[in-house]
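*Asks:* Fold the following for me, if possible:
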Amino acid sequence: MKICVLASGSSGNCTFVELEGVRFLVDAGISAKRVVEGLRDIDERIEDIEGILLTHEHSDHIAGVHRLLDKFHLRLYSNRETFRRLHLTVRSGQWIELTREALSIGPVQIHPFAVNHDAADPFGYRLANSHTSVGVITDLGSVTNLVREQLAGVTALVIEANYDHQMLINGPYPWDLKQRIASRLGHLSNTDCGTLLVDQIHDGLRKIFLAHRSEHNNDPILSLDTVQKILSEANVDAPPISISHQRKLSDLWVG
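*Replies:* All right, here's what the predicted structure looks like:
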């Protein structure tokens, strides 16, 4: 398995995942040029990407989709409600409709699952084969039992740590936007992320990426420190945790 967060934050999100030779992008909210260059930096090629798994239709997750589909003929995987809001014209067979049922692509199973966010029909994803799996979950305002079930037992996890509560309250955003972010259909705070991880960390979890960090309402060191403090207070031994960034690649994890 290989994972690299090419970009993650309020201005654009894209994660590369390779599992048993099958390569995906989860979202493409940055330019096609940045996607291609980011893949090149980790010795991967856009031509080898099986397709794009879309979580939802917000601009910071779809900005590069049209160009990538048009120029490189990638497949697009999404549910019907998300696809409808893209207003795309695609080639026959280029869009693969996802439901809440698992879909097999060669040796890889895609498990989409619903999350609480203010989009049409937002998804998180668990990608798995017979012996390893990764969960990718950003843009959720609250954690459901379904989310916990889908993330249970994963080998690696890309998870949202969007904001620090005090930075959000004291920050520059208008009050209605602050309320949206902190709502059950908004985003996970650093504290929310750490609390979820207390229950999700197990002996087989080998890597965590903290993702979708707000540049205005969070700080990379603060997000990591908050999560690690919560885990420490709960006497939970965490695997290596990496910070994702808006304008540069995360580390490439191979496991």
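*Asks:* Distance-wise, check residue 60 relative to residue 28.
*Replies:* The gap separating residue 60 from residue 28 is 10 Å, by C-beta to C-beta, to the nearest Å. C-beta here means a position set from N, CA and C on the backbone, and glycine is covered the same way.
*Asks:* With neighbour numbers in mind, choose between the two.
*Replies:* Neighbour count, other C-beta atoms under 10 Å: between residue 60 and residue 28, residue 28 has more, with 30 against 21.
*Asks:* Distance check, the spatially closest residue to the more buried one that is not a sequence neighbour against residue 114.
*Replies:* Nearest residue to residue 28, sequence neighbours excluded (C-beta to C-beta, 6 or more residues apart in numbering): residue 64, at 4.2 Å. Using C-beta to C-beta, residue 64 is found at 25 Å from residue 114.
*Asks:* quick one: which of the two has more around it?
*Replies:* Remark: of residue 64 and residue 114, residue 64 carries more neighbours, 23 against 16, as counted by other C-beta under 10 Å.
*Asks:* residues in contact with that one?
*Replies:* Residue 64 sits next to 14, 28, 29, 30, 31, 32, 34, 35 when contact means C-beta atoms under 8 Å, 6 or more residues apart in numbering.
*Asks:* Distance-wise, check it relative to residue 14.
*Replies:* 7 Å.
*Asks:* Name the residues contacting each of those two.
*Replies:* 28, 29, 30, 34, 35.
*Asks:* What's the local residue count around the second one?
*Replies:* Which is residue 29. Using other C-beta under 10 Å, the number of residues around residue 29 comes to 25.
*Asks:* What about it? Give its phi and psi, please.
*Replies:* Main-chain torsions, residue 29, degrees, to the nearest 10: phi -90, psi 20.
*Asks:* That one touches residue 57, doesn't it?
*Replies:* No - taking contacts as C-beta atoms under 8 Å, residue 29 lies outside contact range of residue 57: 10.6 Å.
*Asks:* buried stuff in stretch 147-155?
*Replies:* Neighbour counts over stretch 147-155 (16 or more other C-beta atoms under 10 Å) mark 147, 150, 151, 154, 155 as buried.
*Asks:* and if you look at stretch 181-190?
*Replies:* By neighbour count on 16+ other C-beta under 10 Å, the buried set for stretch 181-190 is 181, 182, 185, 186, 187, 188, 189, 190.
*Asks:* which pair in those spans the largest distance?
*Replies:* Within those, 185 and 190 form the most distant pair, 18.5 Å apart (C-beta to C-beta).
*Asks:* Quickly note the distance from residue 16 to residue 70.
*Replies:* Distance from residue 16 to residue 70, by C-beta to C-beta: 20 Å.
*Asks:* more crowded one of those two?
*Replies:* Between residue 16 and residue 70, counted using other C-beta under 10 Å, residue 16 has the larger neighbour count: 22 against 15.
*Asks:* Pretty sure that one sits against residue 25.
*Replies:* Yes - counting by C-beta under 8 Å, residue 25 is a contact partner of residue 16 at 6.1 Å.
*Asks:* what's stretch 77-84 in contact with?
*Replies:* Here stretch 77-84 has contacts from 51-54, 56-57, 76, 86, 95-99, 103, 110, 112, 119-123, using C-beta under 8 Å, 6+ apart.
*Asks:* Pretty sure residue 116 sits against residue 144.
*Replies:* Yes - the pair residue 116 and residue 144 qualifies as a contact (C-beta under 8 Å) at a distance of 6.5 Å.
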